[in-house]
Every structure is written in C-alpha cells, then in structure tokens.
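In: With the input below, show me the fold.
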Amino acid sequence: MHPSRRMEYLQVLGVDVWLPRRPNAAAAPPKTPVPASDFQAAPIVEAPSGAEALSIAAADATSGARSAQPSQPIARESTTSGPLQPITRDASNLGPPQPSVRDSTTSGSSRPIARDESNSAPSQPVVRDTATSAPSQPITRDASTPPPPIAAERVFEPVARPRARESVPDAEAQWAALRAEVLACTKCTLHSTRTQGVFGVGDPTADWLVIGEAPGAEEDRRGEPFVGRGGQLLDAMLRGIGLKRGDNVYIANILKSRPPNNRDPKPEEVVACLPYLRRQIALIQPRIILAVGRIAAQNILSTDVPLGRLRGKVHHFGELNTPLIVTYHPAYLLRSPSEKRKAWEDLKFARGLYRQLTTQAS
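Out: The predicted structure is shown next:
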C-alpha cells in the first residue's frame with residue numbers, strides 16, 4: 001500500500017499517528033512539503049535496534065476480514081539527508097477491526113461501506129401523542145339557522161294554489177241526483193254484466209280524494225269501492241299517513257261498473273263514466289287527489305306516459321287546478337310486495353304536499 005494511502009486510511013479510522021524522537025538526537029531540520037504527485041512507493045525497512053513497532057492491518061478485499069501482520073516499521077522518504085524515522089502504533093490503542101469507510105473527499109478506488117448493525121436502534125412505530133391533542137369539540141348549530149328538512153319529507157317547489165272552496169248550493173240534492181244517475185246508467189255495455197253500479201264512499205267534503213281504476217268482483221257485489229284485499233291494503237296505506245276511510249277521505253273509481261274478468265277499461269267506457277267522476281270532484285272540491293294505478297292516472301291526466309314517470313311529480317286536474325299525486329294500485333302491490341317501499345315514498349310525498357297546501361290556505 002502506498003504510504004500516502006496508508007496515512008489517509010489510518011486517519012479515517014481515527015488512529016493517532018506521530019513520529020517519535022530518538023533520544024539524544026539533534027533536532028531535525030524543517031521538512032519541505034512534497035507534492036502528492038512526487039510520492040512513490042517507500043521501502044519497508046528494518047526498525048532501528050531497540051525500537052518496537054506495530055504492523056498496520058490490511059483489508060482483505062475478498063472476505064472483508066482483518067488479519068494481524070508482523071509489526072514492521074514504515075520508513076518515510078524524506079528530501080533531507082536525515083535518517084529514516086519509523087512510524088509506530090501503540091498496541092494498547094488497537095481496538096476491534098473497523099469497517100471500511102469511503103472518504104468522499106478523497107480520490108481513489110471505492111471501498112465497500114459497512115453498516116454497523118449492532119448500534120442501530122430497532123425501528124419504532126409512529127405513535128400519536130393523544131395527550132397533547134386537542135379534545136374533539138361538539139358541533140353546534142347556530143340558533144338562527146333553521147334545521148335541515150327531514151329526509152322523509154320532500155321540500156316542494158311552489159305549486160299553483162288551488163282555488164278556494166265555493167259553497168255548493170243544495171249539495172245534498174246534487175249528490176242524491178248523481179247517485180241515482182250512476183246506478184241507472186246504461187251509457188256503455190258494462191251495465192249488462194254488472195251486479196250494481198259502484199258510486200263511491202266517504203266524506204263528501206273531504207280534503208283527500210282517492211281515485212282507483214274500476215270495481216272488482218267484491219266491490220261489484222257490495223256496491224262499495226276498495227273493499228277486497230286491495231281495499232284492506234289501501235286502508236293500511238291511509239293509516240300510515242294519518243288518514244282513515246270516511247274521515248276527511250273520499251274514495252271513487254274511474255269506472256262505475258265492473259269490466260268482465262277485471263280487464264282494463266276500454267276507451268269508450270272511460271268516456272262514458274268520466275263525466276260522473278268530474279261532477280263528484282266538483283261537489284267534493286278536494287285539496288289533493290291521489291290517483292292509484294296506471295289506468296286511473298293515465299285516464300285522469302289524458303296521457304300515455306308510464307306510471308313510473310308520473311310518480312314523484314305534482315300534476316293538476318280540472319278547472320279547480322287540484323294537485324294530483326300518482327302511486328301504485330293496491331292490487332299491484334299485493335302481486336309485487338317489493339314495490340311497497342316506492343308506494344310509501346309516494347304517500348309521504350303526498351302528505352308533505354298536503355301540509356304545504358294547508359299552510360298556504362291558513
């Protein structure tokens with residue numbers, strides 16, 4: 001190893017290097033620094049008699065292990081004529097082998113950098129200091145800010161306000177005359193197959209008007225709309241929004257006579273019966289109409305739009321501009337129980353609209 005490299009290596013390892021003075025030797029004259037380019041390999045010579053020197057450990061490039069070499073003095077070439085002085089190392093200061101370290105400030109071939117794992121601290125998990133964290137504060141609402149609307153209730157856009165109720169002169173007589181016409185009606189062929197006409201039932205001054213499609217077998221026998229299984233489900237639906245058959249509710253159908261085998265009404269049958277329904281609406285003057293089923297909704301609104309697209313909207317009917325809400329027929333809900341959730345949403349929609357209308361009227 002070149003002497004300059006050996007010196008650099010010892011300095012990096014933290015080994016103190018000095019030149020001891022020989023006893024009774026005259027002071028050596030000052031040495032002139034030698035440029036690094038003039039260094040050449042210095043011969044290794046015998047140490048002077050009586051002096052002890054230690055060897056410098058050499059790095060094993062293959063295994064990385066260090067092995068002790070016999071102590072040899074290192075002679076330093078000097079430009080002066082003085083004798084060579086050995087560079088010695090105190091054996092008491094020798095420690096365990098040190099890993100090779102590369103000094104990035106010096107040039108030369110790179111050496112492997114060993115990592116001392118014995119002094120490495122084990123990795124510690126990142127722990128959040130909850131003691132110094134500020135406690136969570138409750139979310140307060142400004143008293144001047146109104147609370148958000150309940151999810152079950154829909155916020156409605158302004159709707160056309162229905163006309164105020166007008167007093168109907170001699171209403172009882174008009175009801176009686178209308179009922180008699182329906183029961184004796186022969187305007188369509190259904191009168192030949194029916195048991196009796198089904199006029200309607202409920203409060204004649206009700207705020208709610210429920211309109212269905214046509215009477216079924218049980219309704220035709222008893223002369224009252226919605227009295228079978230579908231009627232029982234309708235009663236349950238009304239109770240869900242705080243209503244009751246006969247109490248502020250009137251129930252009627254598009255057709256007053258039962259179609260054979262519960263088929264859909266024909267257009268001419270609707271044309272014959274719809275004027276009766278209009279006269280009923282004029283006498284009742286309801287605040288809101290609930291059309292149940294596709295047949296009822298499409299015939300009242302004179303449209304062929306599917307029921308699914310009619311739901312969730314506020315429609316209007318007649319000269320009184322009565323708000324109308326569309327939902328499923330109870331008989332359909334009995335066949336498709338999974339749709340009851342949608343019908344419940346329609347009922348809550350209608351209830352919210354009715355509350356808005358009553359607030360406007362007050």
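In: just the strands in the chain please.
Out: According to DSSP state E, the chain carries its strands in the segments 58-59, 66-67, 74-75, 86-87, 201-202, 208-212, 249-253, 288-292, 315-317, 322-327.
In: can you give me the helices in the stretch 201-350 of the chain?
Out: Ranges of helices within the stretch 201-350 of the chain are 217-222, 229-240, 267-284, 294-301, 307-310, 330-335, 340-361, based on DSSP state H, counting those that start in this stretch.
In: Output these in CSV; the columns should cover distance to Leu324 and mean neighbour count.
Out: (C-beta placed from N, C-alpha, C; glycine too.) What follows is the helices of the stretch 201-350 of the chain, written out as CSV (distance: least, CB to CB, whole Å; neighbours: other CB atoms under 10 Å):
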stretch, distance to Leu324, mean neighbour count
helix 217-222, 22, 16
helix 229-240, 17, 17
helix 267-284, 10, 17
helix 294-301, 7, 22
helix 307-310, 9, 14
helix 330-335, 18, 17
helix 340-361, 9, 16
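In: Ok, which of those helices comes nearest Gly200?
Out: With respect to Gly200, and counting by CB to CB, the nearest of these is helix 267-284 at 6.2 Å.
In: returning to that earlier point: so which of the strands of the chain is nearest Leu307?
Out: Across the strands of the chain, the minimum distance to Leu307, taken as CB to CB, is reached by strand 322-327, at 6.4 Å.
In: Parallel or antiparallel, which strands does that closest one pair with?
Out: strand 288-292 (parallel), strand 315-317 (antiparallel) (DSSP bridges).
In: Can you tell me the number of residues neighbouring Phe199?
Out: Residue neighbour count, defined by other CB atoms under 10 Å, stands at 20 for Phe199.
In: Settle this for me: it is touching Glu181, isn't it.
Out: No - at 9.5 Å, Phe199 does not count as touching Glu181 under the criterion of CB atoms under 8 Å.
In: could I get the strands of the chain as CSV with mean pLDDT?
Out: What follows is those, written out as CSV (pLDDT from 0 to 100):
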stretch, mean pLDDT
strand 58-59, 44
strand 66-67, 44
strand 74-75, 45
strand 86-87, 49
strand 201-202, 96
strand 208-212, 98
strand 249-253, 97
strand 288-292, 98
strand 315-317, 96
strand 322-327, 97
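In: Make JSON lines out of the ones you listed and add mean neighbour count and distance to Met7.
Out: What follows is the strands of the chain, written out as JSON lines (neighbours: other CB atoms under 10 Å; distance: least, CB to CB, whole Å):
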{"stretch": "strand 58-59", "mean neighbour count": "16", "distance to Met7": "14"}
{"stretch": "strand 66-67", "mean neighbour count": "13", "distance to Met7": "18"}
{"stretch": "strand 74-75", "mean neighbour count": "20", "distance to Met7": "9"}
{"stretch": "strand 86-87", "mean neighbour count": "20", "distance to Met7": "8"}
{"stretch": "strand 201-202", "mean neighbour count": "18", "distance to Met7": "115"}
{"stretch": "strand 208-212", "mean neighbour count": "26", "distance to Met7": "107"}
{"stretch": "strand 249-253", "mean neighbour count": "24", "distance to Met7": "109"}
{"stretch": "strand 288-292", "mean neighbour count": "25", "distance to Met7": "104"}
{"stretch": "strand 315-317", "mean neighbour count": "16", "distance to Met7": "101"}
{"stretch": "strand 322-327", "mean neighbour count": "25", "distance to Met7": "99"}
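In: What's the end-to-end length of stretch 180-200?
Out: Looking at stretch 180-200, the gap from its leading to its trailing residue is 12 Å under the measure CA to CA, to the nearest Å.
In: Give me the buried stretch members for that stretch, please.
Out: 182, 185, 187-188, 190-191, 194, 196-200 (16 or more other CB atoms under 10 Å).
In: Show the contacting residues for Lys340.
Out: Leu333 (CB atoms under 8 Å, 6 or more residues apart in numbering).
In: next one: the one 4 residues further on
Out: The contact partners of Trp344, taken as CB under 8 Å, 6+ apart, are 237, 240.
In: Ala296 versus Thr186, what's the distance?
Out: Plainly put, Thr186 is 23 Å away from Ala296 if you go by CB to CB, to the nearest Å.
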